[in-house]
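[1] Generate a structure from the sequence data that follows.
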Amino acid sequence: MNTANHTQTFSLDELCALTDLTKRTVRYYVQIGLVNRPEGETRAAKYSPQHLEQLLLVKKWTAAGVSLDRIRELLQGGSAPVPERGPAPGSIEVCSHLHVANGVELVIEPTRAGLSPEQLRQFVRAVMQAYAQLDSDNTNRTEK
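    Got it, this is the predicted structure:
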């Protein structure tokens, strides 16, 4: 193993560039204990390859929908999350059908999507606004 990796350190800017995370996000993960505290304080803080590894794991798991509390458990040695299976043949799901326009329909299974009723309402409003904007843009182009 290369011993240079053990002494390699990163500034916050370098760490953010390597992980594609914002400074605010990295600081938040340190604050809540998902990532170890850096060596030094403020602008002189240095991060090790271990910090990089922790951040990449947190990023991977949050992208997969794992909660920050569960990620904390995983980083402390908990078992890896089991990927969710799709619905079993013959199972019944309750889905919401959003009729956006003639020929445009969106099917949402709120429970599997992890959406609360309020989040579902916000999502529906956003989809309808986005479609209205697209339709308006299209109408303006055809009138010109």
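[2] the helices in this structure, which residues?
    In order along the chain, the chain carries the following helices (DSSP state H): 4-7, 12-19, 23-31, 49-63, 68-75, 110-113, 117-143.
[3] Which one of these lies nearest to Gly90?
    Gly90 sits nearest to helix 110-113 of all the helices of the chain, at 16.3 Å, using C-beta to C-beta. Glycine gets a C-beta too; all of them are placed from N, C-alpha and C.
[4] Now tell me what touches the closest one from outside.
    Residues outside helix 110-113 that contact it (C-beta atoms under 8 Å, 6 or more residues apart in numbering): 87, 93-94, 96, 116-117, 120.
[5] Would you mind writing the CA trace of it as PDB?
    As requested, C-alpha coordinates have been extracted for helix 110-113 and formatted as PDB (Å, rounded to 0.1, in the frame of the first residue of the first chain):
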ATOM      1  CA  PRO A 110     -46.800   7.700  -3.300                       C
ATOM      2  CA  THR A 111     -45.800   5.200  -0.600                       C
ATOM      3  CA  ARG A 112     -43.100   3.600  -2.700                       C
ATOM      4  CA  ALA A 113     -41.900   7.000  -3.800                       C
END
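[6] Now that helix: buried residues?
    Along helix 110-113, these residues count as buried under the neighbour rule (16 or more other C-beta atoms under 10 Å): Pro110.
[7] Also stretch 36-53?
    If you call a residue buried by 16+ other C-beta under 10 Å, then stretch 36-53 has these buried ones: 38, 45, 47-48, 51-52.
[8] Can you tell me which member of those has the lowest pLDDT score?
    The lowest pLDDT within the buried residues of stretch 36-53 belongs to Ala45, which sits at 85.
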